[in-house]
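Novice: any chance you can model this:
(chains A and B)
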Amino acid sequence: MNKIATRESYGKALAELIVENENIIVLDADLTKSTKTIDAKNACSERHFNMGIAEGNMMSVAAGLAASDKIVYASSFSVFATGRAFEQIRNSICYPNLNVKVCGTHAGLTVGEDGASHQAIEDIAIMRSLPNMKVIQPCDDIEARQCIKAIASIDGPCYVRLGRGVVDCIHDENYIFEFGKGEVLSKGSKVAIIATGLMVQQSFSAIEQLKLEGINPTLVNIHTIKPIDTELIKQIASEHELIITCEEHNIIGGLGSAVCEIVAQYQGARVVRLGVNDTFGESGKPNLLLEKYGLTPESICKVIKENI
Amino acid sequence: MNKYKELNCNSKNVRINILKMINNASSGHPGGSLSGADILVYLFGKEMNITKGNVSTNKRDRFVLSKGHASPLLYATLHEFGLLNEDLTTFRQINSKLQGHPNMNYVEGVDMSTGSLGQGISCAVGMAMANKVDKNSYRVYSLIGDGESQEGQVWEALMSAAHYKLDNLCVVLDYNGLQIDGNITEVMNPEPFDLKFEAFGWNVIKIDGHDFEQIENAFETAKNTKGKPTMIMAKTFKGKGVSFMENNYAWHGVAPSDKELTLAICELENNYE
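Specialist: Got it, this is the predicted structure:
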């Protein structure tokens, strides 16, 4: 299987997009080699601007460019893009509904050794709470490349959450990214796992183990966390007894909360949220962090067996 | 002075409308709206190529009111030059397009939604960058407050504009010396402005922000300055034109009563020759 980080996919897609569409402008905050916007710079240096280590200014500059009919991709690490520049994203971008694509890389605990200061675990929650903002987290290379290209033609602000580490590719070239639509990857009964980002791959592995024990969960990939696929989640809730949400994000305000917000309005399954349990991360190898903070296939199996 | 007779009349009308709007809404920011009136009147009346015919497009010079709380100044100026379709009496009322702080999607001629201090100047930088990418000759103007300049983002914006040599950007500092809590140097001293702007790589021009001849010359110099953006430090008076409001920070964000409005209009009418 092809292993590649979604930030690498972002760079590749952006390098093509900036050549295909002359309205594209790319901004970065001194992290071009890490966020991979350097690929876009190499493809078209006159429409790539390094704004230095000043994320607040970068987001408002992006708004000004978008108010001049540009489609702007603005990147930094997720924690700085959405955290440092939150109020610029709110007032300069979301309030006027401008065409800025905030693409944050190094999201979640799998930033690894840099530690808690660099591990965004609240970004989905804060971006999701902004009117006009769309929130997307692709889980693999194919999905990431398609989503980066698709959002160029979706009017208004988007936040795309991208990872640092390599992940297995679960889609093939025939896959078609559909904005706002959840994807049923595996159809089972009684239990459904609703996952986003690299937790989709973790859930796949969990299902293989669970099947050996006679448990056969449904698996849903939610790449678009806002607007979320309400109809699909209602259907999943009505057809299953238990839903486990899985995300590399705080259990407060992320995918789990979004699913609960829907399920609470209708009769249906009980929801258990699996994620970072309202705590900061720490330095360490990404796989050891996932293990320590309960984001492995084994943790998913355990939670399901405890709650079924 | 005769040369600017018409502009003086525009300024008087704008000032009167600012006060009427704020009085009618029982809220708003008269002091910093009155201080920037002559600058905006010159910009919209003479400097910018903005007309009824092009106001709905981006194919023109553009203006960002970074000190968004001076929205009555922007609305009254657009109104004065026939660019506004809205009724000024709806300012700050429910269902109005004339929001307390400007919304670019509601009003043609409002080029950016502002209100959170420090952000508008960065948006103006983005617009100037877009004009450079598109290789057009449109210019971008922005009015910032001296109190606003305590925001770190203003200095990030200044740094980036000089870095990208945005000589199509001209920012005016509404240098009235006062902010809501008092004198800018007492609240949090941002001085020396001139040395800081120069150190950040800007062309700096100092003028009297209520003198049309100086305003005209400054914009002319800005247009002829290549390779760097221009900062016009316009010394102004908060509450300019109304004696009991002038240079008094108590009038930063307080609406005049009906009686005060009558007095103010009377004074503005009498002082206009």
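Novice: what ranges do the strands span in chain A?
Specialist: With strands called from DSSP state E, chain A shows them at A:3-5, A:24-28, A:48-50, A:71-77, A:100-105, A:134-136, A:158-161, A:166-168, A:183-186, A:190-195, A:218-221, A:224-226, A:240-250, A:270-276.
Novice: dump these into JSON lines; add mean pLDDT as well.
Specialist: Shown next, in JSON lines, are the strands of chain A (pLDDT from 0 to 100):
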{"stretch": "strand A:3-5", "mean pLDDT": "96"}
{"stretch": "strand A:24-28", "mean pLDDT": "98"}
{"stretch": "strand A:48-50", "mean pLDDT": "98"}
{"stretch": "strand A:71-77", "mean pLDDT": "98"}
{"stretch": "strand A:100-105", "mean pLDDT": "98"}
{"stretch": "strand A:134-136", "mean pLDDT": "98"}
{"stretch": "strand A:158-161", "mean pLDDT": "98"}
{"stretch": "strand A:166-168", "mean pLDDT": "98"}
{"stretch": "strand A:183-186", "mean pLDDT": "98"}
{"stretch": "strand A:190-195", "mean pLDDT": "98"}
{"stretch": "strand A:218-221", "mean pLDDT": "98"}
{"stretch": "strand A:224-226", "mean pLDDT": "98"}
{"stretch": "strand A:240-250", "mean pLDDT": "98"}
{"stretch": "strand A:270-276", "mean pLDDT": "98"}
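Novice: just put those strands in a markdown table and tack on mean neighbour count.
Specialist: To be clear about C-beta, it is placed using only N, CA and C from the backbone, and glycine gets the same treatment. Output for the strands of chain A, formatted as a markdown table (neighbours: other Cβ atoms under 10 Å in any protein chain shown):
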| stretch | mean neighbour count |
| --- | --- |
| strand A:3-5 | 17 |
| strand A:24-28 | 26 |
| strand A:48-50 | 22 |
| strand A:71-77 | 29 |
| strand A:100-105 | 29 |
| strand A:134-136 | 26 |
| strand A:158-161 | 28 |
| strand A:166-168 | 19 |
| strand A:183-186 | 17 |
| strand A:190-195 | 26 |
| strand A:218-221 | 24 |
| strand A:224-226 | 22 |
| strand A:240-250 | 25 |
| strand A:270-276 | 21 |
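Novice: redo those as CSV? Include distance to chain B.
Specialist: As requested, the strands of chain A are arranged in CSV below (distance: least, Cβ to the nearest Cβ, whole Å):
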stretch, distance to chain B
strand A:3-5, 29
strand A:24-28, 7
strand A:48-50, 7
strand A:71-77, 8
strand A:100-105, 10
strand A:134-136, 18
strand A:158-161, 18
strand A:166-168, 34
strand A:183-186, 34
strand A:190-195, 35
strand A:218-221, 34
strand A:224-226, 21
strand A:240-250, 26
strand A:270-276, 30
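Novice: make TSV out of those strands and add distance to A:Ile233.
Specialist: Below are these laid out as TSV (distance: least, Cβ to Cβ, whole Å):
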stretch	distance to A:Ile233
strand A:3-5	28
strand A:24-28	33
strand A:48-50	38
strand A:71-77	29
strand A:100-105	24
strand A:134-136	15
strand A:158-161	19
strand A:166-168	24
strand A:183-186	11
strand A:190-195	7
strand A:218-221	8
strand A:224-226	11
strand A:240-250	8
strand A:270-276	10
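Novice: out of these, nearest to B:Ala255?
Specialist: strand A:100-105 (35.6 Å; Cβ to Cβ).
Novice: and the pLDDT at the residue of the stretch 201-308 of chain A found nearest chain B?
Specialist: Residue nearest to chain B within the stretch 201-308 of chain A (Cβ to the nearest Cβ): A:Pro227, separated by 20.3 Å. At A:Pro227, the model reports a pLDDT of 98.
Novice: so for B:Gly68, which of the strands of chain A sits nearest?
Specialist: With Cβ to Cβ as the measure, strand A:100-105 is the member of those nearest B:Gly68 (19.1 Å).
Novice: between that closest one and strand A:71-77, how many degrees?
Specialist: 30 degrees (axes from the mean of the first three to the mean of the last three Cα atoms, to 10 degrees).
Novice: quick one: strand A:100-105 to chain centroid distance?
Specialist: Counting by Cα atoms, centre = their mean, to the nearest Å, strand A:100-105 is centred 10 Å from the centre of its parent chain.
Novice: try stretch B:171-188
Specialist: The answer for stretch B:171-188 is 14 Å, by Cα atoms, centre = their mean.
Novice: can you check stretch B:8-27 too?
Specialist: Using Cα atoms, centre = their mean, the offset of stretch B:8-27 from its chain centre is 14 Å.
Novice: tell me how far stretch A:200-218 is from the chain's mean position?
Specialist: With Cα atoms, centre = their mean as the basis, the mean position of stretch A:200-218 lies at 22 Å from the chain mean.
Novice: outside of that stretch, which residues touch it?
Specialist: For stretch A:200-218, the surrounding residues in contact (Cβ atoms under 8 Å, 6 or more residues apart in numbering or on different chains) are A:139-140, A:167-168, A:170, A:184-193, A:195, A:219, A:221, A:236, A:239-240, A:244, A:246, A:290, A:295-298, A:300-301, A:304-305, A:308.
Novice: kindly export that stretch (C-alpha atoms) in CSV.
Specialist: The C-alpha trace of stretch A:200-218 is given here as CSV (Å, rounded to 0.1, in the frame of the first residue of the first chain):
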residue,chain,number,x,y,z
VAL,A,200,-10.2,5.9,9.4
GLN,A,201,-7.1,3.7,8.9
GLN,A,202,-7.0,2.8,12.6
SER,A,203,-10.7,1.8,12.4
PHE,A,204,-10.1,-0.4,9.4
SER,A,205,-7.4,-2.3,11.4
ALA,A,206,-9.8,-2.5,14.4
ILE,A,207,-12.5,-4.0,12.3
GLU,A,208,-10.2,-6.8,11.1
GLN,A,209,-9.5,-7.8,14.7
LEU,A,210,-13.2,-7.4,15.8
LYS,A,211,-14.4,-9.7,12.9
LEU,A,212,-12.3,-12.5,14.4
GLU,A,213,-14.4,-12.1,17.5
GLY,A,214,-17.7,-12.1,15.7
ILE,A,215,-18.2,-8.3,15.8
ASN,A,216,-18.8,-6.7,12.4
PRO,A,217,-19.0,-2.9,12.6
THR,A,218,-20.0,-0.5,9.9
